[in-house]
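Participant: quick check, what structure comes out for this input:
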Amino acid sequence: MMPSDTVSQGVGAGIRARFPIFEHTTYANSCSQGALSVDVRRAYEEYLAGWDEHGAEWEHWVERADAARASFARLVSAEPDEVAVNTSVSQGVSGLISALPLEPGRNRIVISEFEFPTVGQIAHAQELRGAEVVHVRPDPDGRIPVERFAEVIDEQTALVCCTAISYRTGYRLDVVEIARLAHEQGALCLADSYQAAGAIPLDVRALGVDLLTSGTVKYLLASSGLAFMFVRRDLHERLMPTQTGWFADEDIFRMDISDYSPAADARRFDAGTPPVPNIYAGLAGMKIVEEVGEEAIEAHVKRLADRLLEGLDELEATVATPRGNGEYGPLVCVASTDAHALVEELQRERIVTSERDANLRISLHLYNVEEDIDRILGALAARRDLLKR
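Facilitator: Now for the predicted structure:
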């Protein structure tokens with residue numbers, strides 16, 4: 001077992017009291033839902049109090065949506081006018097793909113096998129518009145090297161979709177190189193970063209992507225119902241969505257039903273009435289992430305993940321997550337003989353995890369500490385029969 005690390009302990013212990021669940025539960029499921037903080041609870045109460053006292057606070061609610069846009073922009077080192085506020089990644093990606101011409105000779109959509117169903121389902125829906133959808137499949141070792149993308153990206157490719165961190169295995173794809181390959185063939189690159197935002201630093205300029213999506217339900221520590229999409233500024237005029245809504249208009253208070261005049265910037269990928277309660281919660285959750293800093297979060301989680309991996313090796317468990325330098329982040333997946341039963345067994349000990357693809361998923365964040373890792377490893381040691389070795 002790795003020696004105690006006081007720096008790692010400090011990040012987790014310093015923030016942990018703001019998440020009441022840790023008073024009685026070891027929570028290691030941020031890949032599904034971030035733990036509820038007292039900050040987010042207060043934010044919902046603030047929304048309800050304002051509604052109760054003032055009725056429809058539309059001017060304030062619109063301002064809150066703009067505050068969320070600015071917060072999302074800071075998160076990925078973008079500008080606010082390059083960010084659309086969405087209700088979900090599904091809504092954002094649907095609007096985006098509705099703007100792709102998909103003309104003959106430029107109708108291929110490339111997706112990785114590690115995409116969340118949202119991206120794959122939306123891509124395949126475009127087959128009704130004449131799209132050709134090509135999957136990039138992983139090698140037997142669980143990696144998708146950039147060479148697999150290079151084999152299928154060509155001059156007919158309109159869009160390349162990759163996930164920053166796979167929800168199925170925790171593997172981190174080489175987004176920078178995938179974006180470069182896409183651009184060499186004149187294609188756009190979309191990085192779904194739902195399993196990354198709030199857990200690792202994201203800089204859209206450094207990544208070189210054209211589009212990036214994420215939301216608040218996981219490592220951004222808020223609720224479902226709020227997401228965002230970065231759209232590179234020079235694409236705003238080029239991409240004209242046909243899936244739209246009231247708040248995507250250039251002037252939402254003109255109330256004109258006679259034409260389609262989308263906003264000149266990324267707001268053209270907004271939709272209808274914004275999810276106001278979720279925006280209150282989202283701002284509170286993202287504020288916690290900003291206070292700690294993504295670099296500090298990544299370093300803290302890396303130390304915990306390394307401690308977990310070392311302990312899993314001692315148990316002779318099979319780790320499904322590739323473990324090369326820069327290949328894993330907050331999500332570690334462990335092969336199981338019965339993942340569903342293992343999750344339920346851990347739940348009975350008040351250890352919250354999840355499962356995907358016959359793997360136990362253990363997801364760590366800023367509020368976890370070494371004691372959490374040791375408790376998880378102890379519970380797994382008592383259930384070796386449920387670990388694939």
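Participant: sec struct for V160, please.
Facilitator: What DSSP: H, G, I helix; E, B strand; the rest coil gives for V160 is strand.
Participant: let me see the contact set for it.
Facilitator: By CB atoms under 8 Å, 6 or more residues apart in numbering, the contact list for V160 reads 109-110, 149, 153, 178-179, 181-182, 187-190. For every residue, glycine as well, the C-beta is placed using N, CA and C.
Participant: give me that answer again for 7 Å
Facilitator: Contact partners of V160, counting by CB atoms under 7 Å, 6 or more residues apart in numbering, are 110, 149, 153, 178, 182, 187, 189.
Participant: which one of those is nearest T26?
Facilitator: The closest of those to T26 turns out to be I178 (CB to CB; 35.3 Å).
Participant: closest one of the contacts of V160 to G170?
Facilitator: I178 (17.6 Å).
Participant: and that closest one, its phi and psi?
Facilitator: phi -60, psi -40 (degrees, to the nearest 10).
Participant: wait, doesn't it sit right on T163?
Facilitator: No. When contacts are counted by CB atoms under 7 Å, I178 is not listed as touching T163 (10.1 Å).
Participant: can you give the domain ranges for the protein?
Facilitator: The record's domain parsing of the chain by automatic domain parsing lists 6-36+293-383, 57-289.
Participant: for the record, mean pLDDT for the helix or strand containing T213?
Facilitator: T213 belongs to strand 211-215 when assigned by DSSP states H and E. Mean pLDDT, strand 211-215: 98.
Participant: listing partners with orientation, what would you give for it?
Facilitator: strand 188-192 (parallel), strand 227-231 (antiparallel) (DSSP bridges).
Participant: now mean neighbour count and distance to V352 too, for these, in a markdown table please.
Facilitator: Listed next are the strands paired with strand 211-215 as a markdown table, based on neighbours: other CB atoms under 10 Å; distance: least, CB to CB, whole Å:
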| stretch | mean neighbour count | distance to V352 |
| --- | --- | --- |
| strand 188-192 | 27 | 24 |
| strand 227-231 | 28 | 23 |
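Participant: and what about V110, helix, strand or coil?
Facilitator: V110 - assigned by three-state DSSP - is strand.
Participant: who's it bridged to?
Facilitator: Bridge pairing for V110 - DSSP bridges - gives V134, V160.
Participant: G14 and L366: what is the separation?
Facilitator: 9 Å (CB to CB, to the nearest Å).
Participant: list the buried ones in stretch 196-207?
Facilitator: 196-202, 204, 207 (16 or more other CB atoms under 10 Å).
Participant: can you check stretch 68-76 too?
Facilitator: Buried residues in stretch 68-76 (16+ other CB under 10 Å): 68-69, 71-73, 75-76.
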